[in-house]
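K.L.:
Show me how the following folds:
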Amino acid sequence: MLETFKNLFKVPELRKKILFTLGLILVYRIGGHIPIPGIDPKVLGEYFMQSKNNLFGMFDMFVGGSFHKATIFALGIMPYITASIIIQLLGTVFPYFHKLQKEGQEGRKKITQLTRYGTVILALVQGLGASVFLQSIHSPSSGISAVVPALAGIKFTIVAVITMITGTVFTMWLGEQITNRGIGNGISLIIFIGIVARIPDSVMGEFQLMISGGRSPFVEVLVLAVIFAMVAFIVMMYQATRRIPIQTPKKMVGNKMYAGQNTVLPLRLNMAGVIPIIFASSIMMVPSIVAGFFPDSSVMEGINSFFHERNIWYNVIFGLVIVFFTYFYTAVVFNPVDIADNLKRSGGFIPGIRPGKNTADFLDKVLTRITLPGSFFLAFIAVIPFLLIGGLNVTFYFGGTSVLIVVGVALDTLQQLESNLQMRNYSGFLKRGSLRGRRS
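P.N.:
Numbers count the residues shown, from 1 in each chain. Model (predicted):
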């Protein structure tokens, strides 16, 4: 393994990409510690230390802790991700967006441009909401506002919104630069780093709690066991695929006969990724956010208590919504009719299945069956952390969603590094045996 890491820096081009990626990640992490002008960090820290809202904890997890610090990257890359999902969903409803998705490079450029515009609009809306929320925060002990009096009101709203929009656009630019000139998917790596960066503080917090006698060692061991078991389970489910055999007939090209090929079409068990959890979380947050605008209403107070993560019915509804969005988003990203048409045009076919409509029906049937356990897997991953936080009184936000993202991004990045090494005749991370590099 050590030899493999050395090989990464032996290739000038690969070394440049890695250093460029690390440099932009460092810039992102520095920005995550610069607060919005007018914010009192002490009051903000005291408020969030006593806050038990794990839904905000989930959002804060995606932005690397920048939300509870009210930094210039408080919204992170989330508006961009939401805009990307919306544009993708519009392709299933409006012919214009569907046409763009099939126009190749020019269509992708137009989609990227529309996504950027959507990112700014969503950042504006979310920034307004965040500025109102920040001005409503007061210290639980002294009652001091989190916003300094000199900037309170409309001044702070303008400054905060402009700052957060700029931070989101800059974060989006960092992600695009990493994708184009670095290693790995930039947007995914930014979320990955945000999640990983919180691990040391969480570990130290749990360790100090155990040393002070606030947590028994048995509970800590149990928490670690659950985390390791969940990581192993996610890795297993993430790599699980249903392999559909594909055969290509013999072809005559000129005077030469080319033999047919036997390949497979891998259908992942979790084809939707973490998108269904993000969708479901956004929907389940709405009642609590609306109830927050009516603090004196008994009806809204009842709604807020029902949509609490420790309510059993909340978790049941949350799981069902995830199952629904898993089927919905899988249907968006995988079209059996398009796959069947592509196979038919290339001359490929599934053994025992007629090309065309029968192939599309077969793929749809298989996809429906494997999506069911995949949706239950996502629901389980999303619900278990809330039960763990409530049952074991875990002090940090531990989410199966975060583990799913970390595992997925880590595997994808390792595979990209692996392919770069193998292109230059070096042994990679995933190869067993000797890892000693070889030049041709």
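K.L.:
contacting residues around Ser346?
P.N.:
Ser346 is in contact with Thr248, counting by Cβ atoms under 8 Å, 6 or more residues apart in numbering. C-beta coordinates here come from the backbone N, C-alpha and C atoms, glycine included.
K.L.:
from now on call the first residue 708
P.N.:
All set: I'll call the first residue 708, so the last point we hit is now Ser1053.
K.L.:
quick one: it and Ile984, what's the gap?
P.N.:
35 Å (Cβ to Cβ, to the nearest Å).
K.L.:
Kindly report the same for Tyr1036.
P.N.:
Look at Tyr1036 and Ile984: by Cβ to Cβ, they are 10 Å apart.
K.L.:
Same question for Phe914.
P.N.:
Distance, Phe914 to Ile984, by Cβ to Cβ: 29 Å.
K.L.:
Run a quick neighbour tally on Val938.
P.N.:
Val938 has 15 neighbours, counted by other Cβ atoms under 10 Å.
K.L.:
How about the secondary structure of it?
P.N.:
helix (DSSP: H, G, I helix; E, B strand; the rest coil).
K.L.:
State the distance from it to Asn1022.
P.N.:
In terms of Cβ to Cβ, Val938 sits 22 Å off from Asn1022.
K.L.:
Same question for Lys717.
P.N.:
Lys717 is 50 Å from Asn1022, by Cβ to Cβ.
K.L.:
Between those two, point out the one with more neighbours.
P.N.:
Asn1022 (20 against 13).
K.L.:
From what I see, that one and Val1090 are in contact.
P.N.:
Yes - counting by Cβ atoms under 8 Å, Asn1022 touches Val1090, with 4.8 Å between them.
K.L.:
counting contacts, what elements does the longest helix along the chain pack onto?
P.N.:
For the chain, the longest helix by residue count, based on DSSP state H, is helix 1064-1099. Helix 1064-1099 sits against helix 924-946, strand 948-955, strand 968-975, helix 982-999, helix 1019-1040, helix 1043-1053, helix 1107-1130, with contacts defined as 3 or more Cβ pairs under 8 Å, 6 or more residues apart in numbering; DSSP states H and E.
K.L.:
redo that, cut-off 6 Å
P.N.:
Packing contacts for helix 1064-1099, counted by 3 or more Cβ pairs under 6 Å, 6 or more residues apart in numbering; DSSP states H and E, involve helix 924-946, helix 982-999, helix 1019-1040, helix 1043-1053, helix 1107-1130.
K.L.:
which stretch among those comes nearest Lys724?
P.N.:
helix 1107-1130 (8.2 Å; Cβ to Cβ).
K.L.:
contacting residues around that closest one?
P.N.:
By Cβ atoms under 6 Å, 6 or more residues apart in numbering, the residues outside helix 1107-1130 that reach it are 721, 768, 891, 895, 898-899, 902, 937-938, 941-942, 945, 981, 984, 1088-1089, 1091-1092, 1135-1137.
K.L.:
Of these, grab the buried ones for PyMOL.
P.N.:
Restricted to buried positions by 16 or more other Cβ atoms under 10 Å, the PyMOL selection for those reads:
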select buried, resi 721+768+891+895+898+899+902+937+941+942+945+981+984+1088+1089+1091+1092+1135+1136
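K.L.:
quick one: His845 and Ala853, what's the gap?
P.N.:
Per Cβ to Cβ, His845 is found 7 Å from Ala853.
K.L.:
Comparing these two, which shows the higher neighbour count?
P.N.:
Using other Cβ under 10 Å as the criterion, His845 and Ala853 rank with Ala853 on top: 24 against 15.
K.L.:
what residues are up against the more buried one?
P.N.:
747, 750-751, 841, 844.
K.L.:
what's the helix or strand for the residue lying closest to Gly738 once chain neighbours are set aside?
P.N.:
Leaving aside its chain neighbours, Gly738 sits nearest to Phe780 (4.9 Å; criterion: Cβ to Cβ, 6 or more residues apart in numbering). Under the criterion DSSP states H and E, no helix or strand holds Phe780.
K.L.:
contacting residues for Phe780?
P.N.:
Counted by Cβ under 6 Å, 6+ apart, Phe780 has contacts 738-739, 773, 874, 878.
K.L.:
tell me the contacts of Tyr754?
P.N.:
Ile844.
K.L.:
Which helix or which strand is home to it?
P.N.:
Per DSSP H and E: helix 748-757 holds Tyr754.
K.L.:
what about the closest residue in space to Gln842 that isn't next to it in sequence, how many residues close to it?
P.N.:
In space, Gln842 comes closest to Val854 once its chain neighbours are excluded; the distance is 5.2 Å by Cβ to Cβ, 6+ apart. By other Cβ under 10 Å, the residues close to Val854 number 28.
K.L.:
Would you confirm that Val854 contacts Phe863?
P.N.:
Yes - using Cβ atoms under 6 Å, Val854 is in contact with Phe863, at 5.2 Å.
K.L.:
Quickly list the domain ranges of the chain.
P.N.:
722-905, 947-1102 (automatic domain parsing).
K.L.:
and the residue nearest to Gln842, bridged to which residues?
P.N.:
With DSSP bridges as the criterion, Val854 is bridged to Ile746.
K.L.:
picking that back up, what's the overlap in contacts for Val854 and Phe863?
P.N.:
Contacts common to Val854 and Phe863, judged by Cβ under 6 Å, 6+ apart, are Gly745.
K.L.:
Would you check how far apart Phe1031 and Leu797 are?
P.N.:
Taking Cβ to Cβ, one finds Phe1031 at 19 Å from Leu797.
K.L.:
of these two, who's got more company?
P.N.:
A direct count of neighbours by other Cβ under 10 Å for Phe1031 and Leu797 places Leu797 higher, at 17 against 14.
K.L.:
Please, which helix or strand holds the closest residue to that one other than its chain neighbours?
P.N.:
Spatial nearest neighbour of Leu797, excluding adjacent residues (Cβ to Cβ, 6+ apart): Phe804 at 4.4 Å. Phe804 belongs to helix 802-808 when assigned by DSSP H and E.
K.L.:
Could you identify the helix or strand that succeeds that helix?
P.N.:
The first helix or strand that comes after helix 802-808 along the chain, using DSSP H and E, is helix 811-842.
K.L.:
Please point out which parts of that next one sit buried.
P.N.:
Using 16+ other Cβ under 10 Å as the test for burial, helix 811-842 gives 817-818, 821-823, 825-826, 829-831, 833-834, 837-838, 841-842.
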